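J.: Here's my sequence, what's the structure:
(one chain, ligands or ions: 1)
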Amino acid sequence: MRVYLRVRPFSKEELSDGEDQGCFVIENNQTVTLKAPKGSATMKSSEKGIGMSLHKFSFSQICGQEVTQSELFEDTVKRQMSDFLDGKNALIFSYGVTNAGKTYTIQGTPKEPGILPRVLDASFHYIGGRLYEGMDRKPYLRNDAQYLDLDQVKQERSAKAAVFASVKDASPEIFLRVFRIDNATILHLFVPMQECDPLRAGGGSESSSSPSTHFSSSPFSYDQTVFASDPPEADGSQFALWIAFFEIYNECVYDLLQSPLCLKSKRRAALRVCDDGVGNAYVKDLKWINIQTLGEASRLLQFGNKNRSAAATKMNQSFSLCDLAGSERCNKTKTFGERLREAGNINTSLLILGKCISALRNNQTDGYSWFFMRHHL
Ligand SMILES: Nc1ncnc2c1ncn2[C@@H]1O[C@H](COP(=O)(O)OP(=O)(O)OP(=O)(O)O)[C@@H](O)[C@H]1O
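T.: Next comes the predicted model:
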């Protein structure tokens, strides 16, 4: 596990409130010293000879306030991303007091995209023309994939269409802003809008052009050689990308990709955290959506984020639902196994996005977590 510290600059308000008291000194790129603020309980205690006013902390690496989003990605996540593309699962978790800069670091702003859009972009870049266009290989339990029959594929398509239909009125401007670096690059990065049309998106494999063409002119600059070496084209490997997005709120797991059409009651149903039978936790009944383009990924992110804030403010939370959460053993049913191997060499790559708020709120802290799972079948 690697632990990075990111220090954000003071805001104008903080500076005018005199919060910059030199309490924080970066000694080197791995060590910081914290000095208790004047008048704080810690400072008063140390003046009485109880406890210390100085504390040193060490990290894998410290990113100072001058570090840009792009540099942060290069210095921290890129290595993990490379492992992920090599077939290892990964988890990225950000933790800090409210207003510390977690959202800025993970999601970023239109002008300064954070880790998430960069990783999505890099994933598509890496996969290039090897994206599996069908929807019949789907994540299953924690580390597995299942084969879907024609009826199930149909259901997947309509579920996807329902989600995309509910964001179809979103302004393309907002949509584009998610990854915008500057005006000149907008059109290059994003897929043509008709490719994001919900009806077409619902059609799954009907995408007519190779996904690689959409990302060849991405505004993000990566040294692709740092990423895992491409699997040999000759082995016919393809990649299926599915996204799930959930939040943990007051100890309950909520699906953020649940289409509002499915929410007949105003209460959101909490999902269960189950065991796959071999000790791996997974979220039962979590909605997975197959994506074919970076644009679709971006729309899902937008959709889920909207659900998150709406959920917190508009919906009538029922804490009695909490008893549904918690670990529960679920029977492992039939998996795809050998049938998939016979059918071809498909890598199923999964991205799970989630914001963990949970009981951490009690300490005025919260965290973002983000998992990558990938398996070769
Ligand atoms: N590295 C940075 N450079 C410039 N501004 C930053 C940086 N990090 C954070 N900020 C700014 O600081 C403010 C707080 O950041 P952010 O909203 O990301 O905090 P947070 O930890 O997600 O807060 P919360 O837990 O309340 O959601 C925002 O205005 C953000 O734009």
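J.: Now do S158 against the ligand, distance only.
T.: 34 Å (CB to the nearest ligand atom, to the nearest Å). In short, each C-beta sits where N, CA and C put it, glycine included.
J.: Give me the buried positions along the helix or strand where that residue lies.
T.: Counting by DSSP states H and E, the element that carries S158 is helix 150-165. Within helix 150-165, the residues that count as buried by 16 or more other CB atoms under 10 Å are 153, 156-157, 159-165.
J.: cool, and stretch 48-67?
T.: 53, 62-63, 67.
J.: how about TSV for those, with secondary structure, distance to the ligand and pLDDT added?
T.: Putting these into TSV (DSSP: H, G, I helix; E, B strand; the rest coil; distance: CB to the nearest ligand atom, whole Å; pLDDT from 0 to 100) gives the following:
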residue	secondary structure	distance to the ligand	pLDDT
S53	coil	26	87
I62	strand	13	95
C63	strand	8	95
V67	coil	7	96
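J.: ok, so of these, who is nearest N29?
T.: Nearest to N29, judged by CB to CB, of these is I62 at 5.5 Å.
J.: The closest one contacts V32, doesn't it?
T.: Yes: contact criterion CB atoms under 8 Å: I62 and V32 qualify, at 6.2 Å.
J.: Overlap of the contact sets of those two?
T.: Common neighbours of I62 and V32 are listed as 5, 26 (criterion: CB atoms under 8 Å, 6 or more residues apart in numbering).
J.: got a pLDDT number for I106?
T.: pLDDT for I106: 85.
J.: Next, work out how far apart it and N99 are.
T.: 14 Å (CB to CB, to the nearest Å).
J.: Could you check which of the two has the larger neighbour count?
T.: I106 (21 against 12; other CB atoms under 10 Å).
J.: Cross-check the contact I'm expecting between the more buried one and L116.
T.: Yes: using CB under 8 Å, I106 is in contact with L116, at 5.5 Å.
J.: before we move on, back to that, remind me what the helix holding S158 packs against, helices and strands.
T.: Helices and strands touching helix 150-165, as assessed by 3 or more CB pairs under 8 Å, 6 or more residues apart in numbering; DSSP states H and E, comprise helix 198-202, strand 289-291, helix 294-313.
J.: what do you get if the cut-off is 7 Å, keeping everything else the same?
T.: Judged by 3 or more CB pairs under 7 Å, 6 or more residues apart in numbering; DSSP states H and E, helix 150-165 is in contact with helix 198-202, strand 289-291.
J.: By mean pLDDT, show me the worst of the ones you listed.
T.: Minimum mean pLDDT among the helices and strands packed on helix 150-165: helix 198-202, a mean of 30.
J.: what are the phi and psi angles of H55?
T.: Dihedral pair for H55: phi -140, psi 140, per degrees, to the nearest 10.
J.: what secondary structure does the closest residue to Y282 other than its chain neighbours sit in?
T.: Of all residues not flanking Y282 in the chain, R142 sits nearest, at 4.0 Å (CB to CB, 6 or more residues apart in numbering). Under the three-state scheme (DSSP: H, G, I helix; E, B strand; the rest coil), R142 adopts coil.
J.: which residues touch the helix or strand that E13 is a member of?
T.: Using DSSP H and E, E13 maps to helix 12-16. Residues outside helix 12-16 that contact it (CB atoms under 7 Å, 6 or more residues apart in numbering): none are found.
J.: Show me the beta-bridge partners of the closest residue to D83 other than its chain neighbours.
T.: With CB to CB, 6+ apart as the measure, A90 is the residue that lies nearest to D83, at 6.2 Å, once sequence neighbours are left out. Counting by DSSP bridges, A90 is bridged to F372.
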